[in-house]
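Novice: whatever this is, show me its structure:
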Amino acid sequence: MMGVAAKKPYQLVSKETVNNHSLVKVGPATFGGSELMVIAGPCAVENREQVLCSAAAVAKAGGKVFRGGAFKPRSSPYSFQGLAEKGLELLNEVSRRYGLVVVTEIIDDYSLEAARDAVDMVQIGSRNMQNFHLLKLVGKSGKPVILKRGLSSTIEEWLLAAEYIMAEGNRQVVLCERGIRTYETATRNTLDLSAVPLVKELSHLPVIVDPSHATGVRSLVSPMSRAAIAAGADGLLIEIHPNPEKALCDGAQSLTLTQYDTLMKELAPVAGAVQRQLGTAYAVGI
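Specialist: Residues are numbered from 1 along each chain as shown. I've put the predicted structure just below:
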């Protein structure tokens with residue numbers, strides 16, 4: 001006698017509940033559709049010139065979503081922690097000037113409230129993936145959210161974190177694979193690209209990949225970006241900086257603006273090969 005398949009511990013996130021791929025629409029950007037969303041921007045908002053220069057590069061490439069950190073949770077208390085409200089003001093200027101969807105990481109009640117009207121989308125970083133209080137608040141806020149996989153979290157734990165948000169009524173959730181901690185030290189983390197097709201089998205939510213944090217190595221961002229698209233990712237999260245050598249946060253993994261432009265050209269034929277569109281100046285039709 002055949003056994004009955006176990007019911008998933010997550011229901012709202014599961015394909016057992018929604019049998020098609022969900023779309024998350026934020027302004028002109030749509031996650032989970034035929035167009036790949038390439039989010040780009042600096043790890044941290046440092047100053048006006050840095051942010052506007054980066055945003056101009058994203059807009060020039062035909063990008064729709066800009067990422068910048070106003071609040072920065074750092075491993076060391078002596079590291080740059082972000083510009084907070086001033087950073088949000090600069091991100092809001094990016095939105096007004098270039099028409100880009102703007103996303104920033106929130107870390108607590110205060111940052112969520114401050115970001116509510118300043119940005120279009122929020123991010124919950126890997127350190128806060130199981131901050132259940134914050135997950136509930138974002139769920140109640142209704143704000144579109146990117147939920148990063150935790151440092152050493154299983155896929156089930158990641159999907160249950162998304163369930164917390166959706167259980168509070170917020171269905172605008174995008175999952176982000178950003179590598180997990182293993183015994184390997186050659187890279188910052190180990191990028192689990194198998195998670196992309198697996199999660200898309202288990203869940204209806206869009207899945208994007210952050211190759212910058214996953215590898216921590218600038219030269220690996222481009223090949224892992226191409227691999228992520230080939231694996232079925234709905235988009236990418238790429239860190240860029242006008243001068244990575246002087247970056248206050250994660251310069252070693254940030255692409256220069258020229259390297260970012262080159263990356264976008266390289267991604268176009270890969271996107272076309274998997275019958276996805278790339279909303280850039282270098283798009284290749286499918």
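
Novice: CA only for contacts and neighbour counts going forward, please
Specialist: Fine.

Novice: can you show me the helices along the stretch 151-286 of the chain?
Specialist: Secondary structure of the stretch 151-286 of the chain (DSSP state H, counting those that start in this stretch): helices at 155-167, 195-202, 211-215, 218-230, 257-273.

Novice: in JSON lines, list those along with distance to L88.
Specialist: Listed next are the helices of the stretch 151-286 of the chain as JSON lines, based on distance: least, C-alpha to C-alpha, whole Å:
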{"stretch": "helix 155-167", "distance to L88": "23"}
{"stretch": "helix 195-202", "distance to L88": "31"}
{"stretch": "helix 211-215", "distance to L88": "22"}
{"stretch": "helix 218-230", "distance to L88": "26"}
{"stretch": "helix 257-273", "distance to L88": "22"}
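
Novice: quick one, which of the ones you listed is nearest to T104?
Specialist: Among the helices of the stretch 151-286 of the chain, helix 211-215 comes nearest to T104, with 15.3 Å by C-alpha to C-alpha.

Novice: quick check: mean pLDDT across the closest one?
Specialist: Average pLDDT, helix 211-215: 97.

Novice: tell me the centre residue of this protein?
Specialist: Centroid-nearest residue in the chain: L237, 4.7 Å away (criterion: C-alpha atoms, centre = their mean).

Novice: ok, that residue - contacts?
Specialist: 38-40, 208-212 (C-alpha atoms under 8 Å, 6 or more residues apart in numbering).

Novice: in a markdown table: the helices of the stretch 151-286 of the chain, plus mean neighbour count.
Specialist: Listed next are the helices of the stretch 151-286 of the chain as a markdown table, based on neighbours: other C-alpha atoms under 10 Å:
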| stretch | mean neighbour count |
| --- | --- |
| helix 155-167 | 22 |
| helix 195-202 | 18 |
| helix 211-215 | 27 |
| helix 218-230 | 19 |
| helix 257-273 | 19 |
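
Novice: hmm, back to that, so the residue nearest to the centre of the chain versus S141, what's the distance?
Specialist: Separation of L237 from S141 (C-alpha to C-alpha, to the nearest Å): 23 Å.

Novice: repeat that for A233.
Specialist: For A233, the distance to S141 - C-alpha to C-alpha - is 26 Å.

Novice: equivalent analysis for R188, please.
Specialist: 32 Å.

Novice: sorry, back to before: do you know which of the helices of the stretch 151-286 of the chain lies nearest S14?
Specialist: helix 195-202 (5.9 Å).

Novice: longest single strand anywhere in the chain?
Specialist: Longest strand in the chain, counting residues (DSSP state E): strand 35-41.

Novice: name the helices or strands packed onto that strand?
Specialist: In terms of contacts (3 or more C-alpha pairs under 8 Å, 6 or more residues apart in numbering; DSSP states H and E), strand 35-41 is packed against strand 29-31, helix 48-60, strand 65-67, strand 235-239, strand 277-278.

Novice: tell me the most buried of those?
Specialist: Comparing the helices and strands packed on strand 35-41 by mean neighbour count (mean count of other C-alpha atoms under 10 Å), strand 65-67 ranks first with a mean of 28.

Novice: sweet, I'm off.
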